[in-house]
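In: Sharing a sequence plus its predicted fold:
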Amino acid sequence: GAVVSQHPSWVICKSGTSVKIECRSLDFQATTMFWYRQFPKQSLMLMATSNEGSKATYEQGVEKDKFLINHASLTLSTLTVTSAHPEDSSFYICSATGDGGSYEQYFGPGTRLTVT
Amino acid sequence: AQSVTQLGSHVSVSEGALVLLRCNYSSSVPPYLFWYVQYPNQGLQLLLKYTTGATLVKGINGFEAEFKKSETSFHLTKPSAHMSDAAEYFCAVTRNSGNTPLVFGKGTRLSVIA
């Protein structure tokens, strides 16, 4: 149980276009989802926290207009990178926690974004 | 605020040797501590976690870690390294208040030499 999927697993897009990444909890309801960003050979940096039905909370330094997060249902959160630039190229990983205020986070397999 | 320090960005051991990956944390509240492993171009896999109770926790693949409050440490060990253990390892901390994000250390890359 507690499986989180991400789609796509790998995406290449041209500079100036937008890309949407989906994060789904397959067998549980995720009241909270987290989006992390990981640069090569570096650690995961939290970008934002999203709760179902409410606006995402962004970490300091993360542009909310560039990284649009929508958590429309208890099983789906999306991250849209708008007007992507090469410096947005990174590995994006989501995680989800279940209801009941659980501390346990379940991670998706990640999405590799390359902007050319 | 919480933070994690992983000593050593790269650790190299011989196959069959002891693996020791160090993690120290800072937390103003009782921490929940985690170790994750990441293989290239993959997500994170939970190795083990400490929440409450027994301070020595056993995880998957023969790994274990001991929570030492007096030393604010949560070092990861494995008695005998295997080639398949070569990966990136992350220590992480969160607090027991539900739905709070993890704070990760910078990671330690483990190499296993045949």
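Out: Alright, I've got the coordinates.

In: can you pull the contacts of the spatially most central residue of chain A?
Out: When chain A is reduced to its mean C-alpha position, the closest residue under Cα atoms, centre = their mean turns out to be residue A:35, at 3.7 Å. By Cβ atoms under 8 Å, 6 or more residues apart in numbering or on different chains, residue A:35 lies in contact with A:23, A:46-50, A:67, A:69, A:77, A:79, A:92-94. From N, CA and C alone the C-beta is placed, and that goes for glycine too.

In: do that again at 10 Å, thanks
Out: By Cβ atoms under 10 Å, 6 or more residues apart in numbering or on different chains, the contact list for residue A:35 reads A:21, A:23, A:44-50, A:56, A:58-59, A:62, A:67, A:69, A:71, A:77-79, A:92-95, A:108, B:101.

In: Pull up the residues of chain B that are close to chain A.
Out: Residues of chain B lying near chain A by Cβ under 10 Å from any Cβ of the partner chain: B:4, B:6, B:9, B:32, B:34, B:36, B:38, B:41-46, B:49, B:51, B:88, B:90-92, B:94-107, B:109.

In: And the buried ones among those, selectable in ChimeraX?
Out: Per 16 or more other Cβ atoms under 10 Å in any protein chain shown, the buried members of these correspond to this ChimeraX selection:
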select /B:4,6,32,34,36,38,42,43,44,46,49,88,90,91,92,94,99,100,101,102,103,104,105,107,109
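
In: Out of the residues of chain B next to chain A, name the ones that lie in strands.
Out: Taking DSSP state E, the ones among the residues of chain B next to chain A that sit in strands are B:4, B:6, B:32, B:34, B:36, B:38, B:44-46, B:49, B:88, B:90-92, B:94-95, B:103-104, B:109.

In: that older thread, give me the buried subset of the contacts of residue A:35.
Out: By 16+ other Cβ under 10 Å, those give A:21, A:23, A:44, A:46-50, A:56, A:58, A:62, A:67, A:69, A:71, A:77-79, A:92-95, A:108, B:101 as buried.

In: Report the separation between the residue nearest the centre of chain B and chain A.
Out: Centroid check for chain B by Cα atoms, centre = their mean gives residue B:35 as the closest residue, at 3.3 Å. Remark: distance between residue B:35 and chain A (Cβ to the nearest Cβ, to the nearest Å) = 13 Å.

In: Isn't that residue up against residue B:102?
Out: No: using Cβ atoms under 10 Å, residue B:35 is not in contact with residue B:102; the gap is 11.4 Å.

In: Find the residues that touch each one of these two.
Out: B:90-92.

In: Name the residues of stretch B:15-22 that are buried.
Out: Buried residues in stretch B:15-22 (16+ other Cβ under 10 Å): B:19, B:21-22.

In: pLDDT at residue A:101, what is it?
Out: Note for residue A:101: predicted pLDDT of 53.

In: That should have said residue A:61, apologies.
Out: At residue A:61, pLDDT is 94.

In: Residue A:37 too?
Out: pLDDT, residue A:37: 96.
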